[in-house]
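> Compute the structure for the input listed below.
(chains A, B, C and D)
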2 protein chains.
Amino acid sequence: MTNDVKESFNPDSPPAPAALAAKVRTLAPSMTRSMQRVAEAVAGDPAGCAALTVTGLAELTGTSEATVVRTARLLGYPGYRDLRLALAGLAAHQQSGRAPAVTADIAVDDPIADVVTKLAYDEQQTLADTAAGLDTVQLGAAVAAAATARRVDIYGVGASSLVGQDLAQKLLRIGLIAHAHMDPHLAVTNAVQLRSGDVAIAITHSGSTGDVIEPLRVAFDRGATTIAITGRPDGPVSQYADHVLTTSTARESELRPAAMSSRTSQLLVVDCLFIGVAQRTYETAAPALSASYEALAHRHTPRSR
Amino acid sequence: MTNDVKESFNPDSPPAPAALAAKVRTLAPSMTRSMQRVAEAVAGDPAGCAALTVTGLAELTGTSEATVVRTARLLGYPGYRDLRLALAGLAAHQQSGRAPAVTADIAVDDPIADVVTKLAYDEQQTLADTAAGLDTVQLGAAVAAAATARRVDIYGVGASSLVGQDLAQKLLRIGLIAHAHMDPHLAVTNAVQLRSGDVAIAITHSGSTGDVIEPLRVAFDRGATTIAITGRPDGPVSQYADHVLTTSTARESELRPAAMSSRTSQLLVVDCLFIGVAQRTYETAAPALSASYEALAHRHTPRSR
DNA sequence: TCCTCGGTGAAAATATCTTTCAAATGTGAC
DNA sequence: GTCACATTTGAAAGATATTTTCACCGAGGA
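Residues are numbered from 1 along each chain as shown, chains lettered A, B, ... in the order given. As a prediction, this is how the structure comes out:
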């Protein structure tokens, strides 16, 4: 019906991306009074106008729908609908511009929304740092050792204990024999059993956690291949590690103890290790993974809705 | 309980800014086939879809206008018009800003360096999605409840169990009475003890893990404030949750089971919860944190070299 | 004063979006 | 397998929003 005259109306411009304010200024002289009011409103508050219908904008500016449409045309759009779409884009655009200003520390009186933003940002940063700082040669060696190990023992206490359990869980799921030791005494006791061909992994952010170093030392002495995942590659734990995987030490604040960001970093390393192993043992890992998935499906209750 | 509200303007979510793809992924399972086709088209080519009318999009996806509108509603918009507006915003956003879109899957023969890069990127993405999709009102309510709770019980099995332990550990460190239950039977047994003023938190990615839902239900019935941390806010678990915190559902691949990315998401939510509580109880939290830090320092062996 | 003409908005015409409703499809019980 | 029931779906009716039409208004010039 009316789509035949689509492009004959606006000879001058394709839909302007962000230079809307400028365009308004340029075209203002050639506008009539009412059109100027509309253009002004649009340039002044793109986001607000994007939320309005033609009628709404007409009322806001004290003009009529026809004038609004005419203004939209003059600005280079086929009609108001398209101007509105562009406006929405612009609004999102300038909103995103303010985003990167979130490098501040988390404060006690931060609103919860800021906490979420800052925390996510920090953790993203931590991940990037970790990925950048991770020695892929060491990682490759660790993967090779773990993939062919007779058994894998993992040591971690405190927050690192959870990371160790995570790794153990995952390795178990792809058919490896892995165990995360949480009790330091039992860890040492078990480490005595290790020998060449076995793998021992110590996880400690500080690099100097005695309870973790001790079993690793024993494993090392017994001839097992030892791996340290630590934020302090120069720490004592590295003495007894054949391969050291470095986690990043992110900023910590009063409200955000080191444990929090180190955990993110440790988990990334652990995940990389896991995927590396899964790749190398793909033949057995893939079926094992789907089998465990199948088994779990039965534990779910049907959706309610 | 976040059941949909028919007539009000903003049912459950404010117009999502950039987290659309994440939202689509989260809600996809609860969508019908045709709705999924629409959602897919929208997530796949926001810019293209923003240029289409309802009818156009319906034809493109081989569905009807009604279905398109339904999908828009499900995604949290009052109607298609608003979805379209948001789409335009998104398009502008990703055109100008960073939209690397290097979302290649991790393959079996990827070199280890690529694994690290891709994994870090994926997790960063997951964090961003989670942060964007997290309802800060619900979070605020959850924080308020937890901060003043007589005791906090946490339920999680499998991978979520570790997240629960992490949360419990942290809350304990700032002086709260928190416990992560790993045995479903004991969890139920303990849930019976809860009453008004207590808080129960269930962590389940699928939203339908019976072992976790059951204790939460008991706690709910007993009058405790219940919180669900789940990737499926429409799942059965939400029935018994006063506050639902949504984690993002990232893409999973054969080598990268869902558990891996859901864990990242869950941990972010848990961290936010923790920091929120720490803020509210700062007077007691701060000394408690430094005290536990002090206590641990003695467990470290001195640095070598 | 009267005429002309661009500017303007009310209202009609059209396009677009939303809702309703019944047919089609799937699902579970028997 | 068949039936009863619930869910999903699209066609068409209904409601809004946008665009177009057209007549009115008022400023400047003969």
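> CA only for contacts and neighbour counts going forward, please
Noted.
> Identify the residues contacting residue A:207.
A:230, A:231, A:232, A:233, A:234, A:235, A:236, A:237, A:238 (Cα atoms under 8 Å, 6 or more residues apart in numbering or on different chains).
> try 7 Å
A:230, A:231, A:232, A:235, A:236, A:237 (Cα atoms under 7 Å, 6 or more residues apart in numbering or on different chains).
> next one: residue A:63
Residue A:63 neighbours (Cα under 7 Å, 6+ apart): residue A:34.
> run the last query once more with 10 Å
Listed by Cα atoms under 10 Å, 6 or more residues apart in numbering or on different chains, the contact set of residue A:63 reads A:34, A:35, A:37, A:38, A:55, A:56, A:57.
> buried subset of those?
Buried subset of the contacts of residue A:63 (neighbour count, 16 or more other Cα atoms under 10 Å in any protein chain shown): A:34, A:35, A:37, A:38, A:56, A:57.
> name the element the closest residue to the last one other than its chain neighbours belongs to?
Distances taken as Cα to Cα, 6 or more residues apart in numbering or on different chains place residue A:49 nearest to residue A:57, at 6.8 Å, with adjacent residues excluded. When secondary structure is defined using DSSP states H and E, the element that contains residue A:49 is helix A:46-50.
> for that helix, packing partners?
helix A:33-44, helix A:54-60, helix A:80-97 (3 or more Cα pairs under 10 Å, 6 or more residues apart in numbering or on different chains; DSSP states H and E).
> Quick check: buried residues in it?
A:46, A:47, A:49, A:50.
> now do stretch A:273-281
For stretch A:273-281, by 16+ other Cα under 10 Å, it's A:273, A:274, A:275, A:276, A:277, A:278, A:279, A:280, A:281.
> Where do the strands of the stretch 101-250 of chain A begin and end?
A:152-155, A:178-181, A:199-204, A:225-230, A:243-246 (DSSP state E, counting those that start in this stretch).
> Residue B:111 versus residue A:216, what's the distance?
28 Å (Cα to Cα, to the nearest Å).
> Which one's more surrounded, these two?
residue A:216 (34 against 14; other Cα atoms under 10 Å in any protein chain shown).
> That one contacts residue A:227, doesn't it?
Yes. Between residue A:216 and residue A:227 there is a contact at 8.4 Å, judged by Cα atoms under 10 Å.
> got any residues that touch both of these two?
Contacts common to residue A:216 and residue A:227, judged by Cα under 10 Å, 6+ apart, are A:154, A:199, A:200, A:201, A:202, A:203, A:237, A:238, A:240, A:241.
> which residues does the second one bridge with?
Just to be clear, that refers to residue A:199. residue A:152, residue A:225 (DSSP bridges).
> show me the contacts for it.
Taking Cα under 10 Å, 6+ apart, one finds A:142, A:145-154, A:178, A:191, A:216, A:219-220, A:223-227 in contact with residue A:199.
> on that earlier part again, with pLDDT as extra columns, can I get the buried residues of helix A:46-50 in a markdown table?
Output for the buried residues of helix A:46-50, formatted as a markdown table (pLDDT from 0 to 100):
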| residue | pLDDT |
| --- | --- |
| A:46 | 84 |
| A:47 | 83 |
| A:49 | 87 |
| A:50 | 87 |
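> Which single one of the residues you listed is nearest to residue A:121?
Lowest distance from residue A:121 to the buried residues of helix A:46-50 (Cα to Cα) belongs to residue A:47, with 25.6 Å.
> For the nearest residue to the closest one once chain neighbours are set aside, which residues are in contact?
Among residues not flanking residue A:47 along the chain, residue A:91 sits closest, at 4.8 Å (Cα to Cα, 6+ apart). With contact taken as Cα under 10 Å, 6+ apart, residue A:91 is in contact with A:18, A:45, A:46, A:47, A:48, A:49, A:50, A:85, B:88, B:89, B:92, B:93.
> Let me know the pLDDT of residue A:91.
Residue A:91 carries a pLDDT score of 75 in this model.
> if I look at it, how far off is residue A:20?
When residue A:91 is compared with residue A:20 (using Cα to Cα), they lie 11 Å apart.
> correct me, but residue A:238 touches residue A:212?
No. With contact defined as Cα under 10 Å, residue A:238 does not count as touching residue A:212 (11.5 Å).
> ok, these two, which is more surrounded?
residue A:212 (29 against 25).
> Spatially, what comes nearest to the spatially most central residue of chain A if we skip its sequence neighbours?
What sits nearest the mean C-alpha location of chain A, by Cα atoms, centre = their mean, is residue A:124, with 5.0 Å. Excluding the flanking residues, the one nearest residue A:124 by Cα to Cα, 6+ apart is residue B:124, at 5.1 Å.
> circling back: which one of the helices and strands packed on helix A:46-50 has the lowest average pLDDT?
Among these, helix A:80-97 scores lowest, with a mean of 78.
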